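S.K.: Sequence unavailable; structure follows:
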């Protein structure tokens, strides 16, 4: 086999793998947070390197995290025993590290309710 072809193939495979493990850090929700709340929100924020744990969304400046819990109605990973226990471990560790973790569903992510929750968390306000 041609050496040059092998080099290009390996380089191409590495580039494809890099794309797979490096998700985009912005999307419509992060843009809404910037526009409506004036804060930086990062998608897929890695908060614990040794376990490679990521938050779905994070506001690192305020140590606020938002987890979007999918599969609520379809018996997805988050509601199965192993997934549920894994999420508990992740959320408890995040809390020990000083993070405030809020949970929502995909249907509620882009709602005023979720933005208000984050806004109140930034202010330190408590809802009655």
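M.R.: That came through fine. What you are looking at is a predicted structure, and each value in this text was computed from that prediction instead of being measured. Residues are numbered from 1 along each chain as shown.
S.K.: can you give me the helices in this protein?
M.R.: Under the criterion DSSP state H, helices of the chain are mapped to 3-21, 28-32, 81-96, 106-109, 112-123.
S.K.: By mean pLDDT, show me the worst of these.
M.R.: The stretch with the lowest mean pLDDT among those is helix 3-21, at a mean of 57.
S.K.: Stretch 85-102: which residues count as buried?
M.R.: 87, 90, 91, 94, 99, 101 (16 or more other CB atoms under 10 Å). For the C-beta atoms, the positions are set from N, CA and C on the backbone; glycine is no exception.
S.K.: which residues touch it?
M.R.: Stretch 85-102 is contacted from outside by 47-48, 51, 53, 55, 58, 62-67, 78, 117-118, 121, using CB atoms under 8 Å, 6 or more residues apart in numbering.
S.K.: farthest pair in those?
M.R.: 51 and 117 (26.0 Å; CB to CB).
S.K.: more neighbours, these two?
M.R.: residue 117 (17 against 12; other CB atoms under 10 Å).
S.K.: What separation is there between that one and residue 54?
M.R.: 20 Å (CB to CB, to the nearest Å).
S.K.: Can you select the buried ones from the contacts of stretch 85-102 in PyMOL?
M.R.: Command for PyMOL that selects the buried part of the contacts of stretch 85-102, burial taken from 16+ other CB under 10 Å:
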select buried, resi 47+53+55+58+62+64+65+66+67+78+117+118+121
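S.K.: Pull up the distance across stretch 49-57, start to finish.
M.R.: By CA to CA, to the nearest Å, the extent of stretch 49-57 from end to end equals 16 Å.
S.K.: residues contacting the residue nearest the centre of the chain?
M.R.: Among the residues of the chain, residue 56 comes closest to the average C-alpha position under CA atoms, centre = their mean, at 1.2 Å. Taking CB under 8 Å, 6+ apart, we find residue 56 in contact with 43, 44, 65, 66, 67, 68.
S.K.: repeat that for 6 Å
M.R.: Residues in contact with residue 56 (CB atoms under 6 Å, 6 or more residues apart in numbering) are 67, 68.
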